[in-house]
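Student: What would the 3D arrangement of this be:
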Amino acid sequence: MIVSEIHNPSPTGRMSRETIVVIEDEADILEVIEHNLVREGYQVYTSADGEEGLKLVRQLVPNLVLLDLMLPGMDGLDICRRLKERPDTRSISVVMVSAKGEESDIVLGLELGADDYVAKPFSPKELLARVRAVLRRGPLKQDRSEGRIVRGDVVIDTDRHEVRVDGDSVSFTATELRLLYFLASHPGRVFTRDHLLSQVIGRDAFVVDRNIDVHVRSVRKKLGNHRDLIETIRGVGYRFQDEA
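Tutor: I've put the predicted structure just below:
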């Protein structure tokens with residue numbers, strides 16, 4: 001059964017902003033999610049069923065879908081797959097909600113095009129932070145026209161094939177530079193190893209198992225005191241620290 005009504009801004013006077021569809025079959029979790037999103041001023045629509053939730057998303061084309069992986073009727077992975085297959089819904093941001101221990105499903109969801117995930121149990125503060133970050137970043141951009149990224153004392157310049165760390169030029173291989181630049185171009189977004197391999201090395205190249213880990217270790221070593229800019233998401237992949 002679908003609850004499809006627009007919720008007005010909170011009494012604080014904050015104007016409604018982006019539209020979010022929440023697809024979650026656990027009533028208590030759905031209530032918590034909806035309550036906190038409404039307090040933030042979002043327009044919230046909800047569904048407790050996979051197939052009906054997909055219909056709702058196609059009808060509304062919201063800014064973001066908060067999607068539980070385990071759903072009756074149609075699971076979250078299938079919903080994500082179908083959304084990313086259609087031109088009219090492909091650009092909708094997707095945040096998966098999963099129980100701990102479902103790492104394989106998280107990896108598959110990210111490969112299908114999901115933007116991020118939140119593991120149960122989660123705090124409302126964490127959930128809202130993830131939602132805000134994903135909405136701020138917007139859809140994944142595969143074609144980045146910028147050639148220079150500055151993050152504190154780390155400067156990545158692909159036009160000059162140069163990385164400067166604390167003012168010093170550091171030698172990076174072409175693959176290492178592509179890896180660092182790709183991650184830094186999408187701060188806060190989680191990428192699986194397979195996604196990074198396809199973006200940085202190419203699927204036609206000969207690669208060995210966990211080849212991307214070798215490159216990440218090398219990049220971190222060269223970043224020195226700034227190695228923590230690249231975060232390991234255990235069992236999933238990597239991400240570049242989100243900007244404050």
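
Student: Please make it C-alpha for all contacts and neighbour counts, starting now.
Tutor: Fine.

Student: Parallel or antiparallel, which strands does the longest strand anywhere in the chain pair with?
Tutor: Scanning the chain for the longest strand, with DSSP state E as the assignment, gives strand 93-99. Under the criterion DSSP bridges, strand 93-99 sits next to strand 64-68 (parallel), strand 116-120 (parallel) in its sheet.

Student: Can I get the first one as PDB, trimmed to CA atoms?
Tutor: The reference is to strand 64-68. Provided in PDB are the C-alpha atoms of strand 64-68 (Å, rounded to 0.1, in the frame of the first residue of the first chain):
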ATOM      1  CA  LEU A  64      16.300  10.700  -4.700                       C
ATOM      2  CA  VAL A  65      15.100   7.200  -3.800                       C
ATOM      3  CA  LEU A  66      15.800   5.700  -0.400                       C
ATOM      4  CA  LEU A  67      15.600   2.000  -1.200                       C
ATOM      5  CA  ASP A  68      15.600  -1.000   1.100                       C
END
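
Student: picking up where we left off before, what residues does the longest strand of the chain touch?
Tutor: When contacts are defined by CA atoms under 8 Å, 6 or more residues apart in numbering, strand 93-99 is touched by residues 63-70, 76, 80, 106, 109, 113-121, 131, 134-135, 138-139.

Student: Off-centre distance for it?
Tutor: Here strand 93-99 shows a centroid-to-chain-centroid distance of 9 Å under the convention CA atoms, centre = their mean, to the nearest Å.

Student: Could you do stretch 211-228 as well?
Tutor: Counting by CA atoms, centre = their mean, stretch 211-228 is centred 21 Å from the centre of its parent chain.

Student: check which helix or strand covers Phe20.
Tutor: For residue 20 the amino acid is Ile, not Phe. strand 19-23 (DSSP states H and E).

Student: Surely Ser169 touches Arg160?
Tutor: No. Using CA atoms under 8 Å, Ser169 makes no contact with Arg160, being 11.2 Å away.

Student: Counting neighbours, go ahead and name the busier of the two.
Tutor: Ser169 (12 against 9; other CA atoms under 10 Å).

Student: okay, the angle between the longest strand of the chain and strand 19-23?
Tutor: Strand 93-99 and strand 19-23 are oriented at 30 degrees to each other (axes from the mean of the first three to the mean of the last three CA atoms, to 10 degrees).

Student: could you give the mean pLDDT of strand 93-99?
Tutor: Regarding strand 93-99, the rounded mean pLDDT is 89.

Student: Using CSV, list the CA coordinates for that strand.
Tutor: What follows is strand 93-99, C-alpha atoms only, in CSV (Å, rounded to 0.1, in the frame of the first residue of the first chain):
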residue,chain,number,x,y,z
SER,A,93,20.0,9.4,-7.1
VAL,A,94,19.6,6.1,-5.2
VAL,A,95,20.7,5.4,-1.6
MET,A,96,20.3,1.8,-0.5
VAL,A,97,19.4,0.7,3.0
SER,A,98,20.7,-2.7,3.9
ALA,A,99,21.2,-4.9,6.9
